[in-house]
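Colleague: Predicted model and sequence follow; I will ask about them next.
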Amino acid sequence: MTAEPGKADEIAAVIREIQERVRSRYPQGADDPPIAFPNLVPLLQARDAAEGKVAAIGRVNPRPGGLANNAIQFVKRLIARALDWHVRDQIDFNRAVIQCVQASLEAFNENNRALSSTLAWVKEQGQVSETARQMMESRAGELEAETRELRDIRKHWYTWREAFEERTNRSEIYMLRTISELQASFQHRLTQNSGLMDDMVKKQHADYLGALDRATLDIQHRLWKDLDYIRVEYEKLIYNELKTVRQRLMAVASSAPDQLATRQSPLVTSIDWLRFAERFRGGEERVRAMQSMYVEKFAGARNVLDIGCGRGEFLEAARDAGIGARGIDLNEESIALCRGKGLEAEMADLFTFLPAIADSSLGGVYSAQVIEHIAPERLPDMIRLLAAKTATGAVVAFETPNPECLAIFASHFYIDPTHTRPVPSSLLAFYLEEAGFGHIELRQLEPAIESWPELGELPPAVRERFFGGLDYALFARKL
């Protein structure tokens, strides 16, 4: 068993103390034979060092904890186990040499004890035989030869040990370098594969999302198309059923059609209506700029009728957009102004003009600021006439003051003396649906807050509910 360095020094000190005691007890005089005990301490220390080296073969140096050091320790243990077969014979040989050295030490100790006993006996007897002295010298020579041989063995063993450790270190460095290169190559390949996999997953995800979006849009388009078709067919069915019921009721009530005379409010002939429109409706350029919304609705239409064409702002916008349109009005000056602009217009009453044209001949109808002038009981008649004279799919557009905006009653509505009463959008929509129109669309025009900024002090909910648009536009399509 290998002694630790501190213990070896302690043992060496104890041995030196024992030797001094022995020398003090058996001093050598002038007549004493020159016999010196061999110093076995260097041989003992060499044996301890050799045993330490033997015990260290195959062991892995300890290292502090940590992931990197644990990995290094694991690799070293693998290398040590892999080299165990290579160094097993050397370890056995080293242990045999150590046992030989141990046996020599024990023999030397026994020899020293024998010499010491002999010397003590000789001193006690006062004489030493020549034969005994020669034998002791011969024995001492043999022991010295064995000592030289052991020193030579130890020297060669140290040389072989250094070469063996150098080869082991080179092998360990080579193996660690190889493992490091393999690990770097594996990590590089893993990174490449991970990048390729990420790119593939991203591309597949993008393709999936694109296909999903396209499928969703396609489904939405088909759904809206089907819903539009169902709505048209549903409104046609309702209109036909209501029309049949009305026809049966009319046939039962009377065999002759009801002839209603057109009742017109008397016109104030002393008013300059062109100057009146300029002041209270606005300049022609301003009104014409507002017609783009209506022109979009009538895009591609032919034979559009403007009921109450006035100064002809809509007719001009329709002409610029390539829409065939004509107008009627009761004011002679307005008709002359339209004709002076090269527009097709004539002076006529709508209840006289509409019955005279062919059924389903109109491609659209536009009427701005007109229905509020018509007597309330004649408005349904007007709607029925438009339903009879417009073609299927034709658009009709109405613009009129909005009675849901209380601000119009403060000044706007009652400025025109020919206004009868405002028409609520819900009532107008009801008349249109009864007459066979569908696709009702309502838009608020001319926000009241632009004319009265102080309305901004009201709560938003109250302002939007009671002070919205001064006018409204209602669009419908003939079913």
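Modeller: Arrived safely, thanks for sending.
Colleague: what packs against the helix or strand hosting Tyr229?
Modeller: If you go by DSSP states H and E, Tyr229 is part of helix 130-253. Counting by 3 or more C-beta pairs under 8 Å, 6 or more residues apart in numbering; DSSP states H and E, the packing neighbours recorded for helix 130-253 are helix 41-56, helix 67-125, helix 425-435, strand 437-447. No exception for glycine: its C-beta is placed from N, CA and C like everyone else's.
Colleague: Format the ones you listed as TSV; extra columns: mean neighbour count, distance to Arg151 and mean pLDDT.
Modeller: Output for those, formatted as TSV (neighbours: other C-beta atoms under 10 Å; distance: least, C-beta to C-beta, whole Å; pLDDT from 0 to 100):
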stretch	mean neighbour count	distance to Arg151	mean pLDDT
helix 41-56	17	8	69
helix 67-125	14	10	73
helix 425-435	18	125	91
strand 437-447	17	118	89
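Colleague: who wins for proximity to Ile15 among those?
Modeller: Within these, the stretch nearest Ile15 is helix 41-56; the backing value is 5.8 Å (C-beta to C-beta).
Colleague: one step back: and the helices and strands packed on helix 130-253 as JSON lines, adding distance to Ile371?
Modeller: JSON lines is the format used below for these (distance: least, C-beta to C-beta, whole Å):
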{"stretch": "helix 41-56", "distance to Ile371": "113"}
{"stretch": "helix 67-125", "distance to Ile371": "87"}
{"stretch": "helix 425-435", "distance to Ile371": "7"}
{"stretch": "strand 437-447", "distance to Ile371": "14"}
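Colleague: and of these, who's closest to His205?
Modeller: Among the helices and strands packed on helix 130-253, helix 67-125 sits nearest to His205 (C-beta to C-beta), with 34.7 Å.
Colleague: Distance from whichever strand or helix holds Thr352 to the middle of the chain?
Modeller: Using DSSP H and E, Thr352 sits within helix 350-356. Helix 350-356 sits 65 Å away from the centroid of its parent chain (C-alpha atoms, centre = their mean, to the nearest Å).
Colleague: Report the rounded mean pLDDT for whichever helix or strand comes after it.
Modeller: Downstream of helix 350-356, the next assigned helix or strand under DSSP H and E is strand 362-368. In this model, strand 362-368 has a mean pLDDT of 93.
Colleague: same for strand 362-368, what does it pack against?
Modeller: By 3+ C-beta pairs under 8 Å, 6+ apart, strand 362-368 packs against strand 304-307, helix 379-389, strand 390-401.
Colleague: what's in contact with the helix holding Thr352?
Modeller: 262, 307, 328, 378, 381-382, 385-386, 389 (C-beta atoms under 8 Å, 6 or more residues apart in numbering).
Colleague: Now a PyMOL select for only the buried ones of these.
Modeller: The following PyMOL line selects those of those that are buried, judged by 16 or more other C-beta atoms under 10 Å:
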select buried, resi 307+328+378+381+382+385+386+389
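Colleague: okay, the contacts of helix 350-356 in CSV with distance to Trp452 and pLDDT next?
Modeller: Shown next, in CSV, are the contacts of helix 350-356 (distance: C-beta to C-beta, whole Å; pLDDT from 0 to 100):
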residue, distance to Trp452, pLDDT
Thr262, 37, 39
Ile307, 31, 94
Ile328, 35, 94
Arg378, 33, 92
Asp381, 36, 92
Met382, 32, 93
Leu385, 38, 93
Leu386, 35, 93
Lys389, 40, 92
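Colleague: For stretch 401-419, buried residues please.
Modeller: Quick answer for stretch 401-419 (16+ other C-beta under 10 Å): 401-405, 407-408, 412-413, 416, 419.
Colleague: Quick check: bridge partners of Pro447?
Modeller: Per DSSP bridges, the residues bridged to Pro447 are Gly469.
Colleague: my bad, should have said Ala473
Modeller: Going by DSSP bridges, Ala473 forms beta bridges with Glu399, Arg443.
Colleague: go on, the one 4 residues further on?
Modeller: Note on Arg477: beta-bridge partners by DSSP bridges are Val395, Gly438.
Colleague: Pull up the gap between it and Leu385, please.
Modeller: 17 Å (C-beta to C-beta, to the nearest Å).
Colleague: Next: Leu315.
Modeller: Taking C-beta to C-beta, one finds Leu315 at 21 Å from Leu385.
Colleague: And for Gln444?
Modeller: 27 Å.
Colleague: Over to Pro403?
Modeller: With C-beta to C-beta as the criterion, Pro403 and Leu385 are 24 Å apart.
Colleague: Same question for Asn70.
Modeller: Taken as C-beta to C-beta, the span from Asn70 to Leu385 is 98 Å.
Colleague: Likewise for Glu165?
Modeller: 118 Å.
Colleague: returning to that earlier point: tell me how far the helix holding Tyr229 is from the chain's mean position?
Modeller: That offset, for helix 130-253, works out to 22 Å (C-alpha atoms, centre = their mean).
Colleague: Now do stretch 206-218, average pLDDT.
Modeller: 89.
Colleague: what's in contact with it?
Modeller: For stretch 206-218, there are no external contacting residues (C-beta under 8 Å, 6+ apart).
Colleague: Could you tell me the angle between the helix holding Tyr229 and helix 379-389?
Modeller: Relative orientation of helix 130-253 versus helix 379-389 (axes from the mean of the first three to the mean of the last three C-alpha atoms, to 10 degrees): 100 degrees.
Colleague: Report the angle between helix 130-253 and strand 390-401.
Modeller: 100 degrees.
Colleague: Domain parsing of this protein, as residue ranges.
Modeller: Here the domain parsing of the chain from automatic domain parsing is 5-193, 272-478.
Colleague: Gln204 is nearest to which of the ones you listed?
Modeller: Nearest of those (C-beta to C-beta): domain 5-193, 16.2 Å.
Colleague: Distance from the helix or strand containing Ala461 to the middle of the chain?
Modeller: Using DSSP H and E, Ala461 sits in helix 460-466. Mean-position distance between helix 460-466 and its chain equals 41 Å (C-alpha atoms, centre = their mean).
Colleague: Name the residues of it that come out as buried.
Modeller: In helix 460-466, counting by 16+ other C-beta under 10 Å, buried: Arg463.
Colleague: now it: mean pLDDT?
Modeller: 75.
Colleague: contacting residues around that helix?
Modeller: 404-406, 449, 455-456.
Colleague: As TSV, these with distance to Gly393 and pLDDT would be great.
Modeller: Listed next are the contacts of helix 460-466 as TSV, based on distance: C-beta to C-beta, whole Å; pLDDT from 0 to 100:
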residue	distance to Gly393	pLDDT
Glu404	30	86
Cys405	32	83
Leu406	37	77
Ile449	37	79
Leu455	40	78
Gly456	42	76
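Colleague: Okay, and which of the residues you listed map to strands?
Modeller: Counting by DSSP state E, no part of the contacts of helix 460-466 is found in strands.
Colleague: List the contacts of Ala345.
Modeller: So Ala345 contacts 306, 309, 312, 315, 326-329, 334-335, 338-339 (C-beta under 8 Å, 6+ apart).
Colleague: who's the nearest residue to Val396 once chain neighbours are set aside bridged to?
Modeller: Sequence neighbours aside, Val365 is the residue nearest to Val396 in space, at 4.3 Å (criterion: C-beta to C-beta, 6 or more residues apart in numbering). Using DSSP bridges, the bridge partners assigned to Val365 are Leu305, Val396.
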